[in-house]
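Student: mind looking at a prediction? Sequence and model below.
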Amino acid sequence: MSLKHVPMRMCVACRQMKSKRELICLRCKSGSVFIDRDHRGQGRGAYLCQSPDCLAKAIRSKAIDRALGARVDESVLRALSEEM
């Protein structure tokens, strides 16, 4: 009997470990930040819970900016809040 490995990632806001599929992935490629819906994009990634509280905390503390090393555009934050 073989158990399938479940990749775990940490939310940048609440710092809880969750399965990769439970989190929203943000990627930074050549200075622009985008939502990686299929979790297969290249470049640096940051993961965020699908909770409005975590999004608010990440914006307040600039955790996404720090994790990606780039400034997150207002349109990306708007798309994130609509997705939650």
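Tutor: The structure has been received and is ready for your questions.
Student: flag the shaky bits of the protein, pLDDT-wise.
Tutor: Within the chain, the segments meeting pLDDT under 70 span 1-2.
Student: and the helices in it, which stretches?
Tutor: Taking DSSP state H, the helices of the chain run over residues 52-61, 63-68, 74-83.
Student: pick the most deeply packed of those helices.
Tutor: Each of the helices of the chain was scored by mean neighbour count; the highest is helix 63-68, a mean of 19, by mean count of other C-beta atoms under 10 Å. No exception for glycine: its C-beta is placed from N, CA and C like everyone else's.
Student: may I have it exported as PDB, CA atoms only?
Tutor: C-alpha atoms of helix 63-68 as PDB (Å, rounded to 0.1, in the frame of the first residue of the first chain):
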ATOM      1  CA  ALA A  63       4.200  39.900   3.900                       C
ATOM      2  CA  ILE A  64       3.600  39.200   0.300                       C
ATOM      3  CA  ASP A  65       5.900  41.900  -0.900                       C
ATOM      4  CA  ARG A  66       8.700  40.600   1.400                       C
ATOM      5  CA  ALA A  67       8.200  37.000   0.400                       C
ATOM      6  CA  LEU A  68       8.300  37.700  -3.300                       C
END
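Student: residues making contact with it?
Tutor: Residues outside helix 63-68 that contact it (C-beta atoms under 8 Å, 6 or more residues apart in numbering): 12-13, 26-28, 33, 44-46, 48, 57-58, 71-72.
Student: what about the residue positioned nearest the centre of the chain, distance to Glu82?
Tutor: The centroid of the chain falls nearest to Tyr47 when counting by C-alpha atoms, centre = their mean (2.7 Å). Between Tyr47 and Glu82 the computed distance is 18 Å (C-beta to C-beta, to the nearest Å).
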